[in-house]
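Asker: The sequence and its predicted three-dimensional model are supplied below.
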Amino acid sequence: MGWKGTMRSLAATARRMEKEAERKHKQQLKERIAADASDAVSDWERYIDNLLSVHTNLTRRIDWHRMIDKPAPKQPQTKSRHSDRAMAAMVGFKPGMFDFLTGGTKKKKSILEQNLKAATEKDRIENERILRKYDEDVAEWENDRSLAKRLVDGDILAMREVISELKSLSENDLIGSSVEFSIYENSVLARPQVHSDEVVPSMRRKQLASGKLSETKMPVGQFNELYQDYVASVALKVAGDLFQVLPIDEVYVTCEGEMLNTATGHKAPTPILSVQFVRKTFETLNLSNIDPSDSMINFNHKMNFSKTKGFTSITPLMEPFEE
């Protein structure tokens with residue numbers, strides 16, 4: 001092959017390599033775009049799922065009746081393991097021939113006596129720590145038992161004390177900005193101020209067959225229904241947590257949302273969902289599988305909602321009292 005043929009061959013090879021490199025670059029870019037689109041869709045779906053499943057993560061249940069019957073902590077026995085070991089070493093000490101010859105017997109006995117003294121002090125410190133822990137356990141047992149008795153008897157102050165310690169509601173950002181309570185003898189009224197409908201994404205995301213991300217405006221009907229399920233999920237969460245920590249059979253929840261007050265032209269907290277939850281019925285629900293807004297049919301409730309307009313204000317089932 002002449003030099004011209006060689007040059008043509010090299011040029012053709014270079015063109016093939018360039019085309020291959022360009023093909024690989026386009027493929028990698030396509031895969032990266034597809035991966036980014038997939039992540040964006042997954043994030044969107046995860047957010048929607050979290051928004052509609054607030055009620056599935058209830059706080060730990062407290063059995064107050066069982067707490068009343070819980071036996072007192074057992075008084076610990078005095079321990080002497082360090083001094084026992086040191087005493088055994090003293091009793092078992094037998095001076096050897098070398099000790100007699102060198103006069104070391106007295107010195108070794110002195111060391112053993114010092115060890116016994118130190119071991120006795122160590123046991124004393126350990127026993128004091130155990131007794132302090134026992135006293136703390138007894139005090140906690142007495143307080144828990146006293147609180148349990150008061151709660152079972154319907155003591156309002158006891159219920160207020162427990163509710164003030166209910167961290168799960170204040171720590172859950174999806175519930176809203178605040179939850180206020182009114183406490184009665186046999187029931188509790190909770191008023192969570194839920195997030196406005198801005199908590200629902202205004203756009204839908206999906207991944208096209210090409211791998212690219214598609215974002216389209218959320219249809220009004222779907223947007224409103226998602227917000228309806230979110231509000232109902234918050235109501236279920238608040239009621240469920242109260243049933244978990246209080247020995248009561250009835251909980252009223254009135255969700256308030258920021259809505260435009262046409263008389264003032266400003267947004268204000270407005271009742272949009274009010275539910276009378278009954279423990280017996282609530283505990284039959286499979287919270288992981290229900291549709292939050294559909295589940296409201298199991299309870300006495302008030303809700304004015306349409307797919308086209310969303311929520312409108314309601315008159316709550318129970319009004320809070322002035323404390």
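Answerer: Yep, that arrived. Numbers count the residues shown, from 1 in each chain.
Asker: CA atoms for contacts and neighbours, from now on please.
Answerer: Will do.
Asker: Need phi/psi at Glu136.
Answerer: In terms of degrees, to the nearest 10, the main-chain angles of Glu136 are phi -70, psi -40.
Asker: Any figure for the gap between Lys79 and Asn127?
Answerer: In this structure, Lys79 lies at 6 Å from Asn127, with C-alpha to C-alpha, to the nearest Å as the measure.
Asker: actually Glu140, not the one I typed
Answerer: The gap separating Glu140 from Asn127 is 20 Å, by C-alpha to C-alpha.
Asker: of the two, who's got more company?
Answerer: More neighbours surround Asn127 than the other of Glu140 and Asn127, with 17 against 14 (other C-alpha atoms under 10 Å).
Asker: Secondary structure of Leu273: a helix, I assume?
Answerer: No: with DSSP: H, G, I helix; E, B strand; the rest coil as the criterion, Leu273 is located in strand rather than a helix.
Asker: my guess is it meets Phe305, correct?
Answerer: No: under the criterion of C-alpha atoms under 8 Å, Leu273 is not in contact with Phe305, lying 9.3 Å apart.
Asker: neighbour-wise, which of these two wins?
Answerer: Leu273 (28 against 17).
Asker: Tell me what the more buried one is bridged to.
Answerer: Legend: beta-bridge partners of Leu273 under DSSP bridges are Cys255.
Asker: What residues does it make contact with?
Answerer: Residues touching Leu273, when contacts are defined by C-alpha atoms under 8 Å, 6 or more residues apart in numbering, comprise Val231, Ala232, Val253, Thr254, Cys255, Glu256, His301, Lys302, Met303, Asn304, Ile314, Pro316.
Asker: Disregarding flanking residues, what is the spatial nearest neighbour of the last one?
Answerer: Of all residues not flanking Pro316 in the chain, Ser274 sits nearest, at 5.4 Å (C-alpha to C-alpha, 6 or more residues apart in numbering).
Asker: Next, work out how far apart that neighbour and Ile62 are.
Answerer: With the distance defined as C-alpha to C-alpha, Ser274 ends up 26 Å from Ile62.
Asker: Count the residues that sit near Ser177.
Answerer: The local packing of Ser177 (other C-alpha under 10 Å) involves 12 other residues.
Asker: Spatially nearest residue to it (excluding sequence neighbours)?
Answerer: Once its chain neighbours are removed from consideration, Ser177 has its nearest residue in Gln193; the separation is 5.8 Å (C-alpha to C-alpha, 6+ apart).
Asker: Asn300 too?
Answerer: Once flanking residues are discounted, Asn300 sits nearest to Gln276: 5.4 Å by C-alpha to C-alpha, 6+ apart.
Asker: Can you tell me how far Met318 is from Ala158?
Answerer: Using C-alpha to C-alpha, we find Met318 at a distance of 22 Å from Ala158.
Asker: Domain boundaries for this protein, per the record?
Answerer: Here the domain parsing of the chain from automatic domain parsing is 10-58+167-312, 69-152.
Asker: As CSV, those with mean pLDDT would be great.
Answerer: Below are those laid out as CSV (pLDDT from 0 to 100):
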stretch, mean pLDDT
domain 10-58+167-312, 82
domain 69-152, 74
